[in-house]
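Participant: next comes the sequence, and after it the predicted model I'd like to discuss.
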Amino acid sequence: MSAFYVVKEGIAGFKRARFAAFSSITAIALSLLLLAVLARVSFNAYELADSIRADVQVEIYLQDIDENRKNSIRQSLLEYSIVQEVEFVSREQAMEIFRADFGVESELLGNVNFLPASFKVITTPEARASEIQELVSEVRSYRGVEEVTFNQRGLELLEERLRVLIIVGILLGAFIGLIAMILVYNTIRLTIYSKKDLIKAMKLVGATNSFIKRPFMFEGVLQGLIASGVAILGMWALFQYVIPRYLPQAGVISWPFGEWYFLTGALIVLGLIMGYFSSRLAAKKFIRETGIS
């Protein structure tokens, strides 16, 4: 009987404050949809950043040194935690690469080989620009090293843009989510005030505060669940039809962790949490403020 009453009264709350309920559901749905878009875009941006980091190479140009010194430098490089692979490029191999890149123009040099031997160091995907720069500074002091280069500014710019994207996404999503929770809060408050006399009567016959609050909390959870469903439909339509139509190149972006249901499940859980906590706070506060607790 208690469960039936909770469900019945929770659904009836929609009829008492229809516009407020519609507003809160719409706000939650929009905030969840925005969070879904930000999550998917941010995930793909992070994957792109990882792939770019994987292509970062440190070029270490060597002086004319013997094999023992080359092996010593190679071994020292492999001891760095951010170093994933070290490839030796001989002078002959460097010249072959040069001829392949420049074609017939390289024939003007004849048999002259002016290129030094080098090491190509591939760093780990999680290596930061500051860590690579520290590696470069230390390697430059090695005996037998002529010069060390890598695209520091490009990697720093990538990290900076990715950091800004994530921070802006989190702040924007949190702001809209807070607005949605405030709307749910106000909806439950209006419902409580509309039932003020009934709640007083229930208290007189011995109803507990938890019993009185349950229908309002169920109403908030129901709003969150409906909003989650709306957000999921909106997300599906957006990524299935809208984005591929106007931005075909964006239609290939992947789902977080490779599957659609991770993001869908997160939206459902987040919608329930937003509805539950905002309605719980509203019920607790405004039942107390009516002077009937």
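Facilitator: Arrived safely.
Participant: so which bits of stretch 234-242 are buried?
Facilitator: Within stretch 234-242, the residues that qualify as buried are 234-235, 239, counting by 16 or more other C-beta atoms under 10 Å. Every C-beta, even on glycine, is put in place using the N, C-alpha and C of the backbone.
Participant: likewise stretch 35-45?
Facilitator: 35-40, 42-45.
Participant: equivalent analysis for stretch 238-256, please.
Facilitator: 239, 243, 253, 255-256.
Participant: what residues are up against Ile253?
Facilitator: Contact partners of Ile253, counting by C-beta atoms under 8 Å, 6 or more residues apart in numbering, are 40-41, 44.
Participant: quick one: which two of the buried residues of stretch 238-256 are the most distant?
Facilitator: The distance between the two most remote of the buried residues of stretch 238-256 (C-beta to C-beta) is 15.9 Å, for Ile243 and Pro256.
Participant: narrow the buried residues of stretch 238-256 to those in helices?
Facilitator: Applying DSSP state H to those, the entries found in helices are Ile243.
Participant: which parts of this structure are helices?
Facilitator: Using DSSP H, helices in the chain cover 2-16, 18-54, 67-78, 91-102, 129-139, 152-194, 196-204, 209-237, 243-246, 260-289.
Participant: quick one: closest of those helices to Glu85.
Facilitator: Closest to Glu85 of the helices of the chain is helix 67-78 (C-beta to C-beta; 8.8 Å).
Participant: picking that back up, so which of the helices of the chain is the most surrounded?
Facilitator: helix 209-237 (a mean of 21; mean count of other C-beta atoms under 10 Å).
Participant: of the buried residues of stretch 35-45, closest to Leu172?
Facilitator: Leu172 lies nearest to Leu38 out of the buried residues of stretch 35-45, by C-beta to C-beta, at 7.2 Å.
Participant: low pLDDT regions in the stretch 101-250 of the chain?
Facilitator: Along the stretch 101-250 of the chain, segments meeting pLDDT under 70 span 101-114, 151-157, 248-250.
Participant: tell me the domain boundaries of this protein?
Facilitator: 2-51+157-289, 57-150 (automatic domain parsing).
Participant: tabulate the helices of the chain (a markdown table), appending distance to Thr123.
Facilitator: What follows is the helices of the chain, written out as a markdown table (distance: least, C-beta to C-beta, whole Å):
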| stretch | distance to Thr123 |
| --- | --- |
| helix 2-16 | 56 |
| helix 18-54 | 7 |
| helix 67-78 | 10 |
| helix 91-102 | 21 |
| helix 129-139 | 6 |
| helix 152-194 | 9 |
| helix 196-204 | 64 |
| helix 209-237 | 36 |
| helix 243-246 | 33 |
| helix 260-289 | 29 |
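Participant: to Val145, which of those helices lies closest?
Facilitator: Of all these, the one in closest proximity to Val145, counting by C-beta to C-beta, is helix 129-139 (6.0 Å).
Participant: from the contact counts, what lies against the closest one?
Facilitator: strand 57-62, strand 118-123, strand 145-149, helix 152-194 (3 or more C-beta pairs under 8 Å, 6 or more residues apart in numbering; DSSP states H and E).
Participant: next, the angle from the last one to strand 118-123.
Facilitator: I take that to be helix 152-194. Angle, helix 152-194 to strand 118-123, by axes from the mean of the first three to the mean of the last three C-alpha atoms, to 10 degrees: 10 degrees.
Participant: can you give the distance from helix 152-194 to the centre of its chain?
Facilitator: For helix 152-194, the distance from its own C-alpha centre to the chain's C-alpha centre is 12 Å (C-alpha atoms, centre = their mean, to the nearest Å).
Participant: could you give the angle of that helix to strand 57-62?
Facilitator: Going by the same axes, to 10 degrees, helix 152-194 makes 160 degrees with strand 57-62.
Participant: next one: phi and psi at Glu126?
Facilitator: Per-residue torsions, Glu126: phi -90, psi 0 (degrees, to the nearest 10).
Participant: can you give me the neighbour number for it?
Facilitator: Residues near Glu126, counting by other C-beta atoms under 10 Å, number 11.
Participant: quick check: the gap between it and Val37.
Facilitator: Using C-beta to C-beta, to the nearest Å, we find Glu126 at a distance of 26 Å from Val37.
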